[in-house]
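Peer 1: Okay, sequence plus prediction incoming.
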Amino acid sequence: MITKFFIPELNNQDVQELWFQQDGATCHTARATIDLLKDTFGDRLIPRFGPVNWPPRSCDLKPLDYFLWGYVKSLVYADKPQTLDHLEDNIRRVIADIRPQMLEKVIENWTSRLDYIRASRGSPMPEIIFKM
């Protein structure tokens, strides 16, 4: 996936300032994977046990964790799907219904989280609550 999709897609974008944070999944931390990402991102790679001290499981800093999965799950299971087709239809519908305005609020919240982390020099964020 990295070589056939991710890197070719990056080559179509302006990513000179892009940092990549690797998660801690075993397959994602294989030496070959890390070497490939280092070749692509250089010193802008945040891997597990790497030179940048940023925990890969910092769910309060990843919009997929602090927003998307919970939001989607709450709507997908609202009508208690009984079949895989029904579940898949619900997932597609919920994702398709996410509007740009909602994502703008998510990004605003994300930037406030990053500002907090910078100001507090990496301490936890108990007082930041996501509001829709």
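Peer 2: Nice, thanks for sending it over. This is a predicted model, so every value here is computed, not measured.
Peer 1: Can you classify the residue sitting furthest away from the middle of the chain by secondary structure?
Peer 2: Using Cα atoms, centre = their mean, the residue of the chain lying farthest from its centre is Gln82. It sits 29.1 Å away. Here Gln82 is recorded as coil under DSSP: H, G, I helix; E, B strand; the rest coil.
Peer 1: what about this protein, any weak spots by pLDDT?
Peer 2: 23-24, 53-60, 121-132 (pLDDT under 70).
Peer 1: CA-only coordinates of the longest helix along it in PDB, if you can.
Peer 2: Longest helix in the chain, counting residues (DSSP state H): helix 100-120. Taking C-alpha atoms only, helix 100-120 is exported to PDB below (Å, rounded to 0.1, in the frame of the first residue of the first chain):
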ATOM      1  CA  PRO A 100     -17.200  20.200   5.100                       C
ATOM      2  CA  GLN A 101     -18.500  22.500   7.900                       C
ATOM      3  CA  MET A 102     -18.200  19.600  10.400                       C
ATOM      4  CA  LEU A 103     -14.700  18.800   9.200                       C
ATOM      5  CA  GLU A 104     -13.700  22.500   9.600                       C
ATOM      6  CA  LYS A 105     -14.800  22.400  13.200                       C
ATOM      7  CA  VAL A 106     -12.800  19.200  13.700                       C
ATOM      8  CA  ILE A 107      -9.700  20.900  12.300                       C
ATOM      9  CA  GLU A 108     -10.300  24.000  14.400                       C
ATOM     10  CA  ASN A 109     -10.400  21.800  17.400                       C
ATOM     11  CA  TRP A 110      -7.300  19.900  16.300                       C
ATOM     12  CA  THR A 111      -5.300  23.100  16.000                       C
ATOM     13  CA  SER A 112      -6.400  24.200  19.400                       C
ATOM     14  CA  ARG A 113      -5.200  20.800  20.700                       C
ATOM     15  CA  LEU A 114      -1.900  21.300  19.000                       C
ATOM     16  CA  ASP A 115      -1.600  24.900  20.400                       C
ATOM     17  CA  TYR A 116      -2.300  23.500  23.900                       C
ATOM     18  CA  ILE A 117       0.400  20.800  23.500                       C
ATOM     19  CA  ARG A 118       2.900  23.400  22.300                       C
ATOM     20  CA  ALA A 119       2.200  25.800  25.200                       C
ATOM     21  CA  SER A 120       2.200  23.100  27.800                       C
END
